[in-house]
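Enquirer: just the structure for this:
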Amino acid sequence: MKNVFIAGGVLLVIATACSNGPAVPKPANPTTASSHQLTATSHPASDEVAPPAQPQPAGKSAEQTSIELQERLAAKKREGDAQDMLAANAAVKVDFGGIVITLSDSVLFAPEEATLIASSQPMMQKIAGALLVTKERELVVEGHTDSAGTVGGNIELSRQRAEAVRTYLIAQGYPAARIRAQGIGQDRPVATNASTQGRAKNRRTEIVVSLKKDEAL
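Expert: Numbering: from 1, shown residues only. The predicted structure follows:
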């Protein structure tokens, strides 16, 4: 619809909106459109990247997963405390055979005897308590001697001493099926047998604790 006016000799034609006519689209403001597009597609950079969400195991709630994680952390701490206890009461090292706990026979047995002496009880109780933290590990108790005496006699004495330590650990609660004793005799010296000090070091009992998969060297 158009309205016609004459003003000052000038013909003016003014178009007015009609409800029945088609709507005339309003030209987009380039500046406004660009601004809107920036708002919709641009995001400010962030210094921190959120870690990906960890999928929950099937059939487990978030609360159950959290409880299991706390239990694993607590078990790890107990193992660390147990290793500290072992290190405070014996020589401890890790090699390809496992965690090796070395006990001097001079503090465990009387000369040529295979019965634990009374004075060894406090130390053995602490060692047993530390080992009981992870009762699922396999243990091998190895007896060692110096080169004095006969080869056969040394093997038998070292076996009996290893059996005495195994028996003690079982009495303290360690599963018997996971401990075996072995007499090595004089075959694996750690020092020279030519000196008194060297022979004393060779007379020892070693408890070899199996490594877990994540501990393997």
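
Enquirer: what ranges do the helices span in the protein?
Expert: In the chain, the helices defined using DSSP state H lie at 30-41, 62-89, 121-131, 151-171, 196-202.

Enquirer: out of the ones you listed, which gets the lowest mean score?
Expert: Per-segment mean pLDDT for these reaches its minimum on helix 30-41, at a mean of 42.

Enquirer: neighbours of the closest residue to Arg204 other than its chain neighbours, how many?
Expert: Residue nearest to Arg204 in three dimensions, not counting chain neighbours: His144, with 5.0 Å by C-beta to C-beta, 6 or more residues apart in numbering. All C-beta atoms are positioned from the backbone trio N, CA, C, and that covers glycine. Neighbours of His144 under the rule other C-beta atoms under 10 Å: 24.

Enquirer: the one 5 residues further on too?
Expert: Gly149 is flanked by 14 other residues according to other C-beta under 10 Å.

Enquirer: try the one 5 residues further on
Expert: Taking other C-beta under 10 Å as the criterion, the count of residues near Asn154 is 22.

Enquirer: got the contact list for it?
Expert: Thr145, Asp146, Ser147, Ala148, Gly185, Gln186 (C-beta atoms under 8 Å, 6 or more residues apart in numbering).

Enquirer: coming back round to it: who does the residue nearest to Arg204 bridge with?
Expert: On the basis of DSSP bridges, His144 is bridged to Gly185, Arg204.

Enquirer: for Gly129, see how far away it is.
Expert: According to C-beta to C-beta, to the nearest Å, His144 stands 24 Å off from Gly129.

Enquirer: isn't Leu131 up against Leu139?
Expert: Yes. Using C-beta atoms under 8 Å, Leu131 is in contact with Leu139, at 7.1 Å.
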